[in-house]
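Peer 1: From the sequence below, what's the structure:
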Amino acid sequence: MQIKEYNKLVRDYIPDIIRRNGDLCEIDILSENEYRQALREKLVEEAQEAAAANEHDLVTELADLYEVIDTLMSCYGITPENVRATQQRRRSERGGFEQHIRLLRTQHGNTMDKD
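Peer 2: This next block holds a predicted model:
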């Protein structure tokens with residue numbers, strides 16, 4: 001018997017899917033604080049998967065990322081309208097990503113020698 005450790009937040013139907021496949025699984029129900037932390041960790045996990053996805057799998061990985069984002073927003077009482085308004089404000093203040101700019105380096109202060 002092979003045991004594989006996960007210790008991570010999973011979607012609600014995953015334990016049932018595992019059991020239907022003839023495997024065993026052990027689960028735990030998280031407290032609210034543990035749940036919120038697990039959602040934040042899941043956000044990072046899904047973002048990494050989206051970043052590494054090939055073009056074919058990108059839509060699926062983005063959908064998973066959206067699911068975590070939607071759940072986090074609900075958990076913290078954040079409305080989609082609030083997120084959109086904040087997104088628009090930040091875009092008007094800082095711009096978007098349309099110009100494909102990569103920042104290479106900065107230099108603090110003026111270090112040019114004056115003769």
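Peer 1: quick one: contacts for T79?
Peer 2: M73 (Cβ atoms under 8 Å, 6 or more residues apart in numbering). C-beta: built from backbone N, CA, C; applies to glycine.
Peer 1: err, E45, not the other one
Peer 2: K8.
Peer 1: Buried residues, the lengthiest helix in the chain. List them.
Peer 2: Ordering each helix of the chain by length in residues (DSSP state H) puts helix 32-52 first. Residues of helix 32-52 classed as buried by neighbour count (16 or more other Cβ atoms under 10 Å): L39, K42, L43, E46, A47, E49, A50.
Peer 1: Please export the C-alpha coordinates of it as CSV.
Peer 2: Extracted C-alpha coordinates of helix 32-52, given in CSV (Å, rounded to 0.1, in the frame of the first residue of the first chain):
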residue,chain,number,x,y,z
GLU,A,32,-12.1,29.3,9.8
ASN,A,33,-8.6,30.7,10.4
GLU,A,34,-6.9,27.5,9.0
TYR,A,35,-9.3,27.7,6.0
ARG,A,36,-8.4,31.3,5.2
GLN,A,37,-4.7,30.5,5.4
ALA,A,38,-5.2,27.3,3.3
LEU,A,39,-7.0,29.4,0.7
ARG,A,40,-4.1,31.8,0.5
GLU,A,41,-1.7,28.9,0.1
LYS,A,42,-4.0,27.5,-2.6
LEU,A,43,-3.9,30.8,-4.4
VAL,A,44,-0.2,30.6,-4.7
GLU,A,45,-0.3,26.9,-5.8
GLU,A,46,-2.9,27.7,-8.5
ALA,A,47,-1.0,30.8,-9.7
GLN,A,48,2.2,28.7,-10.0
GLU,A,49,0.3,26.1,-12.0
ALA,A,50,-1.2,28.7,-14.3
ALA,A,51,2.3,30.3,-14.8
ALA,A,52,3.7,26.9,-15.8
